[in-house]
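Peer 1: Let me see the structure of the following:
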Amino acid sequence: MAGFKEEFEKIYRMYFNDVFLFLKKLSKDESIAEEITSETFFKAMRSIDNFHGKTEVRVWLCQIAKNCYFSYLKKQQRTENIDDMDFPDTQDPIEERMSKQYDAKQIHLLLHNLAEPYKEVFMLRVFGELSFKQIADIFQKTDNWACVTYHRARNKILTQMEDKDEQ
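Peer 2: Numbering: from 1, shown residues only. Next up is the predicted model:
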């Protein structure tokens, strides 16, 4: 048990900052990010037996963090306006359009209904700010696969947004 504790402390020290910065970017609130980062590592420690090494530890932790953040939002019954979200400078039209026309809840509903692997690839690229190479490594695919999958996901979301606009 002592070995487990030391190993987990090593993971905590190694990935705390990555998870915190990811949550800070999502929440736009340092205190919320701190709170959810703590919850993330607590949940990770409780579910470490479910980690099979199919993804990087950082990605696994960020996935837990994202789920904790969405649960937090549900509990608070609060949604944030997507205009307040700070996307990278390399925004493409979908992120720009999303930020202008939809609130966070609507976007998350569209993403929730998106099939895998499109949903995860899109979220890793946009919210996790991972490169296509990093995404490809996670899925054990090529960089080209990650790029194509991201753009297909993007097009699926655009189509859903256009369909909603026409209604």
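Peer 1: for the chain, which spans come out with low pLDDT?
Peer 2: Across the chain, residues meeting the criterion (pLDDT under 70) sit at 1-5, 77-108, 163-167.
Peer 1: Starting from the longest helix seen in it, tell me the next helix or strand along the chain.
Peer 2: What stands out as the longest helix in the chain, according to DSSP state H, is helix 2-27. As assigned by DSSP states H and E, the chain's next helix or strand after helix 2-27 is helix 30-46.
Peer 1: what's in contact with that next one?
Peer 2: For helix 30-46, the surrounding residues in contact (CB atoms under 8 Å, 6 or more residues apart in numbering) are 8, 11-12, 16, 19-21, 23-24, 26-27, 51, 60-61, 64-65, 68-69, 72. To be clear about C-beta, it is placed using only N, CA and C from the backbone, and glycine gets the same treatment.
Peer 1: What segments of this protein are helices?
Peer 2: Ranges of helices in the chain, per DSSP H, are 2-27, 30-46, 57-76, 93-101, 104-112, 118-126, 132-139, 143-166.
Peer 1: Can you say which of the ones you listed is packed in most?
Peer 2: Highest mean neighbour count of the helices of the chain: helix 118-126, a mean of 22 (counted as mean count of other CB atoms under 10 Å).
Peer 1: The longest helix of the chain vs helix 57-76, what angle?
Peer 2: 60 degrees (axes from the mean of the first three to the mean of the last three CA atoms, to 10 degrees).
Peer 1: chain center to helix 2-27, what's the gap?
Peer 2: Distance of helix 2-27 from the chain centroid (CA atoms, centre = their mean, to the nearest Å) equals 16 Å.
Peer 1: could you say what helices and strands that helix packs with?
Peer 2: helix 30-46, helix 57-76 (3 or more CB pairs under 8 Å, 6 or more residues apart in numbering; DSSP states H and E).
Peer 1: Could you dump those into a markdown table and include distance to residue 142?
Peer 2: Below are the helices and strands packed on helix 2-27 laid out as a markdown table (distance: least, CB to CB, whole Å):
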| stretch | distance to residue 142 |
| --- | --- |
| helix 30-46 | 29 |
| helix 57-76 | 18 |
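Peer 1: So which of these is nearest residue 117?
Peer 2: helix 57-76 (13.0 Å; CB to CB).
Peer 1: what's the closest one in contact with?
Peer 2: The contact list for helix 57-76 (CB under 8 Å, 6+ apart) reads 11, 14-15, 18-19, 22-23, 26-27, 32, 35-37, 39-41, 43-44, 47, 51, 55, 79-80, 104, 108, 123-124, 127-128, 130, 138.
Peer 1: Before I go, just wanted to say thanks for your time.
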